[in-house]
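S.K.: Let's see this in three dimensions:
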Amino acid sequence: MCKAFIRVQSVVFALCAVQGLEASTIDLTPIPETYQVEGVTRKIVGFRTEDKPVLYSPPWKLNGAADEATFTIDEPRSSARIRRIPLKAPLNLEDEEAIKEWVVKSLPQGSDNISVETIEKNPVEIDGKPTIEVILTYGLYGLFQRQSVLLCQHTVKEETDLIVFELSCPPARFDALHRLLQKSLYSIMGF
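M.R.: Sure thing, here's the model as predicted:
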């Protein structure tokens with residue numbers, strides 16, 4: 001392991017100890033850090049948890065608070081975010097109909113012409129954990145958007161959080177932006 005990576009872990013662990021976070025909470029307030037590998041400087045962020053840091057190399061600038069982090073994408077009508085939703089019990093990621101219904105209900109108010117294109121199990125494993133992704137299109141105020149919603153669960157000490165990665169953008173830009181976001185998810189460590 002490189003020295004810079006160990007330094008980043010130490011900083012994140014220290015922040016966790018100072019903050020006194022609850023067991024299941026992932027605080028999505030990004031802690032910016034950089035590290036060097038073979039002379040290349042990489043930007044990463046750390047998210048605080050009680051027992052270990054979660055490290056991530058995002059594709060875009062990331063700002064946030066405890067329950068939601070928002071990416072800054074320099075493209076019109078394009079947005080992406082990560083949300084943390086505490087659950088009373090783990091969600092059954094095998095129940096595609098329930099997942100589809102939940103995702104459609106989470107669309108912006110006034111959405112119409114909703115079409116679910118795909119539901120895919122495990123398009124990306126996040127630090128070895130299963131995921132499910134719903135890709136859909138919808139209209140809003142006469143403009144069409146294409147959206148990806150990827151769900152993953154984080155469980156610590158019998159407490160479960162649903163972690164939701166969302167990307168919404170014009171259909172013509174979706175494939176390129178989706179590929180960037182999905183590729184970045186492989187960088188998550190400590191989840």
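S.K.: show me what contacts residue 63?
M.R.: Contacts were defined as Cβ atoms under 8 Å, 6 or more residues apart in numbering; by that measure residue 63 touches 30, 69-70, 72. From N, CA and C alone the C-beta is placed, and that goes for glycine too.
S.K.: how long is stretch 64-74 from one end to the other?
M.R.: One end of stretch 64-74 to the other measures 17 Å (Cα to Cα, to the nearest Å).
S.K.: per-residue confidence averaged over that stretch?
M.R.: What stretch 64-74 shows for mean pLDDT is 95.
S.K.: go on, stretch 173-191?
M.R.: Mean pLDDT, computed over stretch 173-191, is 94.
S.K.: Just give me how far that stretch sits from the chain centre.
M.R.: Centroid separation for stretch 173-191 versus its chain: 9 Å, with Cα atoms, centre = their mean, to the nearest Å.
S.K.: Only the buried residues of that stretch, if you could.
M.R.: 173-174, 177-178, 180-182, 184-185, 188-191 (16 or more other Cβ atoms under 10 Å).
S.K.: Any chance of the residues you listed in TSV with distance to residue 145 as columns?
M.R.: TSV is the format used below for the buried residues of stretch 173-191 (distance: Cβ to Cβ, whole Å):
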residue	distance to residue 145
173	10
174	9
177	12
178	12
180	17
181	15
182	18
184	21
185	21
188	25
189	31
190	32
191	28
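S.K.: show me where this protein has strands.
M.R.: Counting by DSSP state E, the chain has strands at residues 27-37, 40-48, 54-56, 61-65, 68-72, 79-87, 112-121, 131-140, 143-156, 159-169.
S.K.: so where's the chain uncertain?
M.R.: For the chain, the stretches flagged by pLDDT under 70 are 1-24.
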